[in-house]
Each structure stands twice: as structure tokens, then as C-alpha cells.
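1. Turn this into a model:
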Amino acid sequence: MALAAHRASFEQRYCTPRFAGGAAWICTWKCALRLWPELPRFSNQMLRYLRMPEGLVHAIGLPAHRAMPDAYVTAHHLRDMLNESTFEQLVKWSSEPGLLPRVPSGPARGKSWDRLDIAALQAFACDRDADVRFSAETELRRRGDADVKVADEAEQGTLL
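-> You can find the predicted model right below:
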């Protein structure tokens, strides 16, 4: 059994493990990054318009950013994801940071990670954003860079 949400980390702030009965989570945002990396954006509603899930009734999915319509749209994405991958794989991807298909900001914005040089990837591997770090580290590992060092939260330091 699992609970599913688009950007599940937001829901997990309110649906604590005690409330959720210790169920696993599937984050449809993180899974969409893996399954459909060619898409330009990955918001719940953008996926709806770009992918046009079969059987989705447009009016039921409105207004956007309301609980029931968003859950309805997310359920259609989840169904499609389960048709393309296994439950276990979706849960695994959801437990990791998001694997961004492209650099989200800065001078390299929009470039796929495989187009960056080692120095740029190493710089991104030290980024504050866990998804950026994970994406850069994943590309470094793919290239066989044995010096990839996963940033530890303890090494991040504190502001005070």
C-alpha cells in the first residue's frame, strides 16, 4: 500500500507517518521526471495538458490547485506511471531526491546534465538544493567519476 501525491513532500508535512499508518509514498512529480524527461515542465496541470491522459474529463480536473481536482488529475498520472513502471520502482524513485532532466537555473539553465563539463557538474554537486545535487551526482556517477562525494547534511553547516 502507498499514498500518492504530486510533490508528495508537501503532503508529507501534514500526513505524518503516524497519520498515514507508515504507508510508502509515491511522488508523481519525481516519477514524471524519470518517466517523461523530454517534457518541458512537470507540474501536475502541465503534465495534464502535455500528456492528455486517457479518460481524464477536463471539467472534473478544474479548478486547478484545489484538492479534489488535483487529486483527480494526479490519479490519472499515477495510473499511467503504473502502466509504464512497477509499483516498487515508483516507490524507490519517490524516496530519492528528484532526478532533474535539465539544469534548472544559472548560465547552464535548460541544458541536459550530459552537456556539462566535469567542473560544472562538481559545482552543482555542492548545491544547496537536494534535487540539483542528486542530478549532478547521478551524471558524475554515470560518467564513472569515482570522486563523487554525496553531500551530507551535517556538512552543510548552519546559519547560526
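
2. drop to CA atoms for contacts and neighbour counts, all remaining ones
-> Noted.

3. Helices along this structure, start to end?
-> 8-12, 17-20, 28-35, 44-51, 67-84, 87-95, 118-124, 130-142, 153-156 (DSSP state H).

4. ok, for the residue most central in space within the chain, nearest residue in space, not its chain neighbours?
-> The geometric centre of the chain, computed from its C-alpha atoms, lies nearest to Lys30 (C-alpha atoms, centre = their mean), at 2.2 Å. Nearest residue to Lys30, sequence neighbours excluded (C-alpha to C-alpha, 6 or more residues apart in numbering): Gly98, at 5.0 Å.

5. what's the pLDDT at that neighbour?
-> Here, the pLDDT recorded for Gly98 equals 98.

6. count of residues packed around it?
-> As a burial measure, Gly98 scores 22 neighbours (other C-alpha atoms under 10 Å).

7. Pro53 too?
-> By the criterion of other C-alpha under 10 Å, Pro53 has 16 neighbours.

8. go on, Arg142?
-> When neighbours are counted by other C-alpha under 10 Å, Arg142 registers 11.

9. ok, now Pro17?
-> Pro17, neighbours per other C-alpha under 10 Å, totals 12.

10. Check Thr16 too.
-> Using other C-alpha under 10 Å, Thr16 is surrounded by 12 other residues.

11. Settle this for me: the residue nearest to the centre of the chain is touching Pro101, isn't it.
-> No - contact criterion C-alpha atoms under 8 Å: Lys30 and Pro101 do not qualify, at 10.8 Å.

12. OK, contacts around the residue nearest to Lys30?
-> Trp29, Lys30, Leu33, Ala130, Asp131, Phe134, Ser135 (C-alpha atoms under 8 Å, 6 or more residues apart in numbering).

13. For those residues, could you give me TSV that also reports distance to Arg18 and pLDDT?
-> Shown next, in TSV, are those (distance: C-alpha to C-alpha, whole Å; pLDDT from 0 to 100):
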residue	distance to Arg18	pLDDT
Trp29	23	98
Lys30	23	98
Leu33	28	98
Ala130	25	97
Asp131	26	98
Phe134	28	97
Ser135	31	97
